[in-house]
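Novice: compute the structure for the input listed below.
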Amino acid sequence: MKNLSYLTLLIIFTGCMAKRNHISNKSEWISLFNGKDIKDWNVKIHHHQYHENYGNTFRVEDGIIRVSYDQYGDFNDQFGHLYYKTPFSNYHLKLKYRFVGQLQKGAPSYTLRNSGVMFHSQDPKTMPEAQDWPISIEMQFLGGLSDGRSRPTGNMCSPGTEIFYQGKLYPEHCLDSKSKTYDGDQWVSAELIVLGDSLIQHIINGDTVLKYSKPHIGGGVANGYDAKIKIDGKALKSGFIALQSEGQPVDFKDIFIKQL
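Specialist: A predicted model of the protein is given here:
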């Protein structure tokens with residue numbers, strides 16, 4: 001009986017330790033980018049097949065993921081996204097970005113010093129060549145134009161999706177944050193706290209600049225998608241994370257995630 005009691009206690013103790021370790025591992029920051037390559041990431045660019053990194057758009061140099069267009073001619077609406085290999089649901093994401101260089105010839109004017117990180121995105125494998133934007137939510141990054149005008153970053157845009165803001169369905173495609181304007185090529189720290197289809201928070205350089213809730217499929221803007229994927233009204237509780245390419249050279253680094 002003593003041996004049995006000891007064994008029972010040992011099993012309980014081991015189980016508790018395993019559970020505690022699982023919680024500990026879950027709450028640790030994990031790097032999504034190894035600083036060397038993008039083998040854990042997948043490319044989808046408008047007008048091209050899944051996995052075709054046209055023009056070496058997404059590349060790694062000096063420990064940075066660079067979005068570049070030096071092998072392009074006219075931009076030709078070749079909007080691209082670099083997706084991490086696995087989806088996430090409840091998490092805290094953080095990264096740094098900076099705008100560099102000039103807008104690519106032929107890129108739409110609204111993409112000047114404009115990029116972002118997409119989340120709760122559809123699987124890129126489900127995107128036809130003709131699809132321009134993934135059905136997703138975007139944390140939009142904008143750079144100041146050095147003209148003295150306000151141009152906030154950490155905004156929300158919603159290709160093929162909708163959100164609730166201040167308790168009501170938000171009717172527009174993009175929603176400005178209350179962030180400061182960041183001119184030049186300085187690194188900006190961006191964080192995203194996502195709790196499934198509940199609360200979402202955008203953080204820029206340590207300041208919470210936007211909060212909203214209830215992301216779901218709906219609305220317009222995304223084009224060329226498979227109709228079976230766009231189920232309007234469906235709650236977005238999880239999905240893929242992607243870095244954006246839409247005509248403006250941009251750098252990304254220090255990409256970490258903590259599952260919540």
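
Novice: any idea how far Leu87 is from Gln122?
Specialist: Not Leu; residue 87 is Pro. To Gln122, Pro87 is 10 Å away according to Cβ to Cβ, to the nearest Å. Yep, even glycine has a C-beta here, placed from its N, CA and C like the rest.

Novice: the more surrounded of the two?
Specialist: For Pro87 versus Gln122, neighbours defined as other Cβ atoms under 10 Å are more numerous around Gln122 (25 against 16).

Novice: got a list of what Leu195 touches?
Specialist: Leu195 is in contact with Asn90, Leu260, counting by Cβ atoms under 8 Å, 6 or more residues apart in numbering.

Novice: circling back: so what sits against both of Pro87 and Gln122?
Specialist: Here Pro87 and Gln122 share the contacting residues Gly239, Phe240, scored by Cβ under 8 Å, 6+ apart.

Novice: pLDDT value on Ile12, please?
Specialist: In this model, Ile12 is scored at 46, pLDDT.

Novice: could I get the full set of strands for the stretch 51-200 of the chain?
Specialist: Here the stretch 51-200 of the chain has its strands, by DSSP state E, counting those that start in this stretch, at 58-61, 64-67, 80-84, 90-99, 114-121, 137-142, 155-157, 161-165, 168-169, 174-175, 188-195, 199-204.

Novice: ok, which of the ones you listed comes nearest Trp41?
Specialist: Of all the strands of the stretch 51-200 of the chain, strand 80-84 sits nearest to Trp41, with 5.0 Å by Cβ to Cβ.

Novice: tell me what the closest one is packed against?
Specialist: Applying 3 or more Cβ pairs under 8 Å, 6 or more residues apart in numbering; DSSP states H and E, one finds that strand 80-84 contacts strand 41-45, strand 114-121, strand 240-245.

Novice: pLDDT on the second one, on average?
Specialist: What that stands for is strand 114-121. Mean per-residue pLDDT for strand 114-121: 98.

Novice: partners of it in the sheet?
Specialist: strand 137-142 (antiparallel), strand 240-245 (antiparallel) (DSSP bridges).

Novice: okay, the last one in PDB with CA atoms only?
Specialist: Backbone C-alpha positions of strand 240-245 (Å, rounded to 0.1, in the frame of the first residue of the first chain) are rendered in PDB as follows:
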ATOM      1  CA  PHE A 240      -2.200  32.700 -41.000                       C
ATOM      2  CA  ILE A 241       0.200  35.700 -40.400                       C
ATOM      3  CA  ALA A 242       1.800  37.300 -43.500                       C
ATOM      4  CA  LEU A 243       4.100  40.200 -44.200                       C
ATOM      5  CA  GLN A 244       3.000  42.400 -47.000                       C
ATOM      6  CA  SER A 245       4.500  43.600 -50.300                       C
END
